[in-house]
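J.: Starting from these lines, generate the structure:
(4 chains, ligands or ions: 4)
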Number of protein chains: 2
Amino acid sequence: MLTIGDLSRKTGVKIPTIRYYEQMGLLDAAERSEGNQRRYAAPERERLSFIKHARELGLTIEAIRELIDLSAHPERPCEEADRIAAEQLTAVREKIEKLRRLEKELKRIATRCAGDQIKDCYVIRALAHHDMCESDH
Amino acid sequence: MLTIGDLSRKTGVKIPTIRYYEQMGLLDAAERSEGNQRRYAAPERERLSFIKHARELGLTIEAIRELIDLSAHPERPCEEADRIAAEQLTAVREKIEKLRRLEKELKRIATRCAGDQIKDCYVIRALAHHDMCESDH
DNA sequence: TCATTTTCTATAGTGACTAGAGATTGGCCA
DNA sequence: TGGCCAATCTCTAGTCACTATAGAAAATGA
Ligand SMILES: [Zn+2]
Ligand SMILES: [Zn+2]
Ligand SMILES: [Zn+2]
Ligand SMILES: [Zn+2]
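T.: Ligands and ions are numbered 1, 2, ... in the order given. All right, here's what the predicted structure looks like:
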């Protein structure tokens, strides 16, 4: 059996985060030692790795909770799981698009300043007036 | 003089957000009517537009506060302002890079599922095992 | 046995808002 | 001038996914 510290080292998930996941219902309430400390075995470690990987891919706690619930029913159709992944892909693509628009404007704003005093600073002026922007964002 | 509602409509910044910016020190404490309601004139409106545009470009409240402080000293060199913009550009580019890596993996995960039951679902398996990923993320 | 490390619970803080409750004020119409 | 309703006021709490702290208890090693 692993202590919470062991589990933390093996998975790379910080101890308070493991407890937080338990509180959020992503991890089942852990078994306890005689002295009330959490003890873990392989299945919990696997689930935590799943959670960690899903979080690294940007899925929300709520989405991960749904996926875990789905995993408990191996015979059911996997449409829901596929939909969650597809939605996350869409969300990531939308974020990239937004950031690309920001990057375009910021590149101009951050590289075009020729003045050396605040009162002539292109950065300050460009931030004050969206009409200096080339597109919406 | 504009009421907070007028200012909100003209700038597109919600009323509670305007009060929040005042609390955070981005807007000076507003003038008040006899009945203690906030009243605004053109300079406050311009500052709020500045704040809004900067927020739309992803700058933090803290960065905006610095820029506003700098604006109060028109004769000073604008290096600091230029640095803030450059840092924001760098931050945006890093976010894009991270998201692009996620997109690559998510595209594979979200489009490769052929099974129709949870127990065969590629999404669930791929989330459980990072070694199925093509790169780090 | 003692000291050190680990773990426990509970609470508060992060950033940038957003939502609500309950009390006042403003402006319009009769 | 009264009445009414929308707008505004302050204050508190909620959001998300953690992270940090305090003070107490348990586990480990010499
Ligand atoms: Zn400049
Ligand atoms: Zn703009
Ligand atoms: Zn599937
Ligand atoms: Zn991976």
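J.: any idea how far DNA strand C is from the residue in chain A that ligand 2 sits nearest to?
T.: Ligand 2 sits closest to A:Cys133 of chain A, with a gap of 3.1 Å, by C-beta to the ion. All C-beta spots, glycine's among them, are computed from the backbone N, C-alpha and C. For A:Cys133, the distance to DNA strand C (C-beta to the nearest atom of the strand, to the nearest Å) stands at 18 Å.
J.: That residue contacts A:Glu105, doesn't it?
T.: Yes - with contact defined as C-beta atoms under 8 Å, A:Cys133 reaches A:Glu105; the gap is 5.2 Å.
J.: more neighbours, those two?
T.: Using other C-beta atoms under 10 Å in any protein chain shown as the criterion, A:Cys133 and A:Glu105 rank with A:Glu105 on top: 22 against 17.
J.: okay, and the common contacts of A:Cys133 and A:Glu105?
T.: A:Ala126 (C-beta atoms under 8 Å, 6 or more residues apart in numbering or on different chains).
J.: on that earlier part again, please give me every residue in contact with the residue of chain A closest to ligand 2.
T.: A:Cys133 touches A:Glu105, A:Ala126, counting by C-beta under 8 Å, 6+ apart.
J.: pLDDT value on it, please?
T.: A:Cys133 is assigned a predicted lDDT (pLDDT) of 97.
J.: Next, find the distance separating the one residue sitting closest to the centre of chain A from A:Gln88.
T.: What sits nearest the mean C-alpha location of chain A, by C-alpha atoms, centre = their mean, is A:Gly58, with 3.5 Å. Distance, A:Gly58 to A:Gln88, by C-beta to C-beta, to the nearest Å: 6 Å.
J.: quick one: the longest helix seen in chain A to chain centroid distance?
T.: As assigned by DSSP state H, the longest helix anywhere in chain A is helix A:79-111. Once both centres are worked out by C-alpha atoms, centre = their mean, to the nearest Å, helix A:79-111 turns out to sit 14 Å from its chain's centre.
J.: Flag every residue of chain A that's near ligand 4.
T.: For chain A, no residues are found near ligand 4 under the criterion C-beta under 5 Å from the ion.
J.: At the contact with DNA strand C, which residues of chain A appear?
T.: For chain A, the residues in contact with DNA strand C (C-beta under 7 Å from any atom of the strand) are A:Thr3, A:Ile4, A:Gly5, A:Asp6, A:Ser8, A:Ile15, A:Pro16, A:Arg19, A:Ala30, A:Asn36, A:Gln37, A:Arg38.
J.: how about a cut-off of 10 Å?
T.: By C-beta under 10 Å from any atom of the strand, the residues of chain A that approach DNA strand C are A:2-9, A:15-16, A:18-20, A:22-23, A:29-33, A:35-40.
J.: List only those of the residues you listed flagged as buried.
T.: A:Leu2, A:Ile4, A:Leu7, A:Ser8, A:Ile18, A:Glu22, A:Ala30, A:Arg38, A:Tyr40 (16 or more other C-beta atoms under 10 Å in any protein chain shown).
J.: from the residues you listed, which are also near chain B?
T.: Checking these against chain B by C-beta under 8 Å from any C-beta of the partner chain, not one of them is in range.
J.: Spatially, which two of those residues are the most separated?
T.: Within these, A:Leu2 and A:Glu22 form the most distant pair, 14.2 Å apart (C-beta to C-beta).
J.: ok, back up a step: host element of the residue nearest to the centre of chain A?
T.: Assigned by DSSP states H and E, A:Gly58 belongs to no helix or strand.
J.: So it versus B:Ile51, what's the distance?
T.: On the measure of C-beta to C-beta, A:Gly58 and B:Ile51 end up 28 Å apart.
J.: Give me the distance between A:His127 and DNA strand C.
T.: Just to correct that, residue A:127 is Leu rather than His. Taking C-beta to the nearest atom of the strand, one finds A:Leu127 at 14 Å from DNA strand C.
J.: Likewise for A:Leu27?
T.: In terms of C-beta to the nearest atom of the strand, A:Leu27 sits 12 Å off from DNA strand C.
J.: Can the helix or strand hosting A:Glu44 be said to contact DNA strand D?
T.: For A:Glu44, the host element (DSSP H and E) is helix A:42-56. Yes - using C-beta under 10 Å from any atom of the strand, we find that helix A:42-56 touches DNA strand D at A:Ile51, A:Lys52, A:Ala54, A:Arg55, A:Glu56.
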